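>>> I'd like to go over a predicted model; first the sequence, then the structure.
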Amino acid sequence: MHVALVIGAVAAVVSAVVGVFTVVRGQSFAGHALTDVATTGGSGAFVLNISPLSGFLGAAIFGAGAMELVGVQRVRGRDLATGVVLGAATGLAALFLFLDTTRFATTGATQTILFGSIFTVASSTIPTVAVFSAATIAVIAVIYRPLLLSSFSADLAAARGISLRTVGLLFMLALAVSVGLSSIAIGSVLSTALLIGPAAAALRVTRSLAGALALACGLGVATVWLGVLLAYDSFYWFPNSQGLPVSSFIVALIFAAYLLSGLPVLRRRGERGRTAHGARELSRVGTA
Amino acid sequence: MTAVLDVDRVSVAFAGRQILDEVSFSINRGEFTGLIGSNGVGKTTLLRAILGLQRIDAGEIRVNGEPLAKRASSIGYVPQKVVLDPDVPMRARDFVALGLDAQRYGLPRRTKQQRALVEELLRDVDAARFADSRVGSLSGGEQQRVLIAHALVSQPSLLLLDEPLANLDPKSVQEVVALLHHVAVEHHVAVLLSAHEMNALLPVMDRIVYLTGGRAASGTTDEVVRSDVLSALYGQHVDVLKLHGRVLVVAEPGQDMKDIPEHSTLTVT
């Protein structure tokens, strides 16, 4: 139980931080593609008999590198490169999952890889998870300013001597690690939700990027912990004592949070500066 | 006194065309220079070459006497089109602050002086009233002011603007020109902006760089905007008419007029 809470919280924080930038940079598709690549890694890990975490992380990192190398600076080229890698990875994942379930008779491997099994994660993975998450947060902190400016305008960034290639590659690697970590927690298919959901909700409500990062982390951790608790409790809800999957709870809560962030009162708070400015503009025109 | 910008016989060719052919000119601090030429003539190429974003085939570009490598911090740049997403939570104030040190690694830590400088610049470009709004939700003109403040906050010696007056109504053009002139004088910054129409700039331009067919003539407007100089530049006879403080460059009927910026304008503002 404690392992689940720790792994979940760490995955949520890393996903939130990386997720905010992913949404800002418009790279949600690349993020999603990496989760499919992670699926390949996770299913391959069962075939090769290595730890799922290694499979998820290794595949995601390799996929990110491949996308950066194959892709170009133009948005369209990036999309195509992503799609190409995604197709290849998914095909391979299909093969591995077939092998997993038929030849190796690993029970529930598919469920675990795709949708996570946070209660069965070994506590031995905690050190690895801690190291990778600390490294990812550190990378984001280090490239924070160049990353921010290049997300707004490649021209402005290039004019300042910022290497768009370096920043782009480092960010993709951070994205890969984030996907790998949350795949362990809630499965590769659902890790998109943890990456994008809290970030998207936070971005609607806050007015500063630092605020968005803080709020996304808070939402991420809250939904994961609440999901874990609800899943744990659901063992007692039904007569056959089976319980419902954690990931489903978490994703449902993330979705609910996103819907809540759309409430008019919260949205207006996020855009308050503009509304006030709009009112001043109107009064100016009135007196002109 | 070293020139802030020294463009020395710069040539650039690509796509089978000689875009810039031994272009030379210099700019000093506090000078307001207009890079005038019709669309597609190579103004953006020249600006990008100055920024180090475009490879040059011959010649040299020096900023404050230094070659390319040290350029980044001494040039402020306002590109022509910057798409600022209204869904991204970044206030105008924060975007300007980002101009202080966006190329540095590590988390930002602003000193009190830096924050005061940001406030002062916001007031200077008349952006204080929407400093707390999301940059992406501002109008084009407001965004332009924020971009100018963003470029100025690192206290560059040269401010480059790529077609800042394009698509603006005449009143806005006047406002922006006045603002940039004020910036050049008050902040003692060399301002170089590209435009395809010189009339709006005539009142404040210290120097003009007139670009056509890859070649450039530079000097004061009195030195450059003359029939003999421009005819030599165009390689065909053109007449320069000055009327009501405006300039009109007219080619003879039957001549190829497509490269002449003002052949079709008769401004009465």
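Received, thanks. Numbers count the residues shown, from 1 in each chain, chains lettered A, B, ... in the order given.
>>> and A:A174, how far from chain B?
14 Å (C-beta to the nearest C-beta, to the nearest Å). Quick note: C-beta positions are derived from backbone N, CA and C, even for glycine.
>>> that residue contacts A:V18, correct?
Yes. Judged on C-beta atoms under 8 Å, A:A174 makes contact with A:V18 at a distance of 5.4 Å.
>>> name the residue in those two with the higher neighbour count.
Between A:A174 and A:V18, counted using other C-beta atoms under 10 Å in any protein chain shown, the more crowded position is A:V18 (27 against 24).
>>> okay, the more buried one: pLDDT?
A:V18 is assigned a predicted lDDT (pLDDT) of 97.
>>> would you say it is within a helix?
Yes. The assignment for A:V18 (DSSP: H, G, I helix; E, B strand; the rest coil) places it in a helix.
>>> what about the residue lying closest to it once chain neighbours are set aside, how many neighbours?
Nearest non-adjacent residue to A:V18, counting by C-beta to C-beta, 6 or more residues apart in numbering or on different chains: A:S178, 4.1 Å away. By other C-beta under 10 Å, 30 other residues sit near A:S178.
>>> how close does A:S178 sit to A:M1?
24 Å (C-beta to C-beta, to the nearest Å).
>>> name the helix or strand for the most centrally placed residue in chain A, please.
Geometric centre of chain A, nearest residue: A:L195, 2.2 Å, by C-alpha atoms, centre = their mean. Following DSSP states H and E, one finds A:L195 within helix A:191-205.
>>> next structured bit after that helix?
helix A:209-234.
>>> anything in that next one near chain B?
Yes. Helix A:209-234 comes into contact with chain B (C-beta under 8 Å from any C-beta of the partner chain), by way of A:209, A:211-212.
>>> tally of neighbours for the residue lying closest to B:L241 once chain neighbours are set aside?
In space, B:L241 comes closest to B:L248 once its chain neighbours are excluded; the distance is 4.3 Å by C-beta to C-beta, 6+ apart. Residues lying near B:L248 (other C-beta under 10 Å) number 15.
>>> pLDDT of stretch B:233-241, averaged?
87.
>>> end-to-end on it?
Stretch B:233-241 has an end-to-end distance of 17 Å (C-alpha to C-alpha, to the nearest Å).
>>> can you mark which positions in that stretch are buried?
By 16 or more other C-beta atoms under 10 Å in any protein chain shown, the buried positions in stretch B:233-241 come out as B:233-234, B:238, B:240.
>>> tell me which element the residue most central in space within chain B falls in.
The centre of chain B sits closest to B:L193, judged by C-alpha atoms, centre = their mean, with a distance of 1.7 Å. Assessed by DSSP H and E, B:L193 sits inside strand B:190-195.
>>> dump the C-alpha coordinates for that strand into CSV.
Presented in CSV, the C-alpha positions along strand B:190-195 are these (Å, rounded to 0.1, in the frame of the first residue of the first chain):
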residue,chain,number,x,y,z
ALA,B,190,20.6,51.6,-32.3
VAL,B,191,17.3,50.8,-34.0
LEU,B,192,17.2,49.0,-37.3
LEU,B,193,13.8,48.2,-38.7
SER,B,194,12.8,46.9,-42.1
ALA,B,195,9.8,48.3,-44.0
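>>> could you list the residues in contact with the very next helix or strand once past it?
Sequence-wise, the next helix or strand downstream of strand B:190-195 (DSSP H and E) is strand B:207-212. With C-beta atoms under 8 Å, 6 or more residues apart in numbering or on different chains as the contact definition, strand B:207-212 has outside contacts at B:23, B:25, B:27, B:31-38, B:41-43, B:46, B:198, B:201, B:216-221, B:224-225, B:230, B:233-234, B:259-260.
>>> got any ranges where the stretch 101-250 of chain A has weak pLDDT?
Counting by pLDDT under 70, the ranges of the stretch 101-250 of chain A that qualify are A:104-107.
>>> how about the residues of it by chain B?
Residues of the stretch 101-250 of chain A lying near chain B (C-beta under 8 Å from any C-beta): A:141-146, A:148-149, A:151-153, A:155-162, A:203-204, A:206-209, A:211-212.
>>> among these, name the buried ones.
Buried among these (16+ other C-beta under 10 Å): A:143-146, A:148-149, A:151-153, A:155-162, A:203-204, A:206-207, A:209, A:212.
>>> any idea what sits nearest A:T206, other than its immediate chain neighbours?
A:A212 (4.5 Å).
>>> among the contacts of strand B:207-212, name the ones in helices.
B:43, B:46, B:221, B:224, B:230, B:233-234 (DSSP state H).
>>> okay, now the unreliable bits of the stretch 51-200 of chain B?
Using pLDDT under 70, the stretch 51-200 of chain B drops low at B:69-72.
>>> where along it do the helices fall?
Assigned by DSSP state H, counting those that start in this stretch, the stretch 51-200 of chain B shows helices spanning B:92-98, B:112-124, B:140-152, B:170-186.
>>> may I have the first one exported as CSV, CA atoms only?
So that's helix B:92-98. Once non-C-alpha atoms are left out, helix B:92-98 reads as follows in CSV (Å, rounded to 0.1, in the frame of the first residue of the first chain):
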residue,chain,number,x,y,z
ALA,B,92,2.9,40.1,-20.3
ARG,B,93,5.0,41.1,-17.3
ASP,B,94,6.5,37.6,-17.1
PHE,B,95,7.1,37.4,-20.8
VAL,B,96,9.1,40.7,-20.6
ALA,B,97,11.0,39.4,-17.6
LEU,B,98,11.9,36.3,-19.6
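>>> who does that helix touch, helix- and strand-wise?
Judged by 3 or more C-beta pairs under 8 Å, 6 or more residues apart in numbering or on different chains; DSSP states H and E, helix B:92-98 is in contact with helix A:144-152, helix B:112-124, helix B:140-152.
>>> output those helices as CSV; include the columns distance to B:L165.
Below are the helices and strands packed on helix B:92-98 laid out as CSV (distance: least, C-beta to C-beta, whole Å):
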stretch, distance to B:L165
helix A:144-152, 23
helix B:112-124, 19
helix B:140-152, 10
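>>> residue contacts, B:A3?
B:A3 sits in contact with B:26-28, B:62, B:65, where contact means C-beta under 8 Å, 6+ apart.
>>> among those residues, which ones are buried?
B:26-27, B:62.
>>> filter those residues down to the ones in strands?
B:26-27, B:62 (DSSP state E).
>>> touching, A:V251 and A:L190? I think so.
Yes. Using C-beta under 8 Å, A:V251 is in contact with A:L190, at 5.4 Å.
>>> now the residue nearest to the centre of chain A. Nearest residue, chain neighbours left out?
In space, and not counting its chain neighbours, A:L195 is closest to A:G19: 4.4 Å by C-beta to C-beta, 6+ apart.
>>> count of residues packed around that neighbour?
32.
>>> list the contacts for residue 96?
Since you didn't name a chain, this refers to chain A. A:F96 makes contacts with A:40, A:43-44, A:46-47, as judged by C-beta under 8 Å, 6+ apart.
>>> actually, chain B is the one I wanted.
Counting by C-beta under 8 Å, 6+ apart, B:V96 touches B:118, B:121-122, B:127, B:131, B:146, B:149-150, B:153.
>>> repeat that for 7 Å
Contacts for B:V96 (C-beta atoms under 7 Å, 6 or more residues apart in numbering or on different chains) come out as B:118, B:121-122, B:146, B:149-150, B:153.
>>> in this structure the residue nearest to the centre of chain A contacts A:G31, no?
Yes. Look at A:L195 against A:G31 with C-beta atoms under 7 Å: they come within range, at 5.3 Å.
>>> which residues touch stretch B:75-87?
A:152-153, A:155-156, A:159, A:203, B:51, B:63, B:134-137, B:143, B:147-148, B:151-152, B:154, B:156, B:158-164, B:166.
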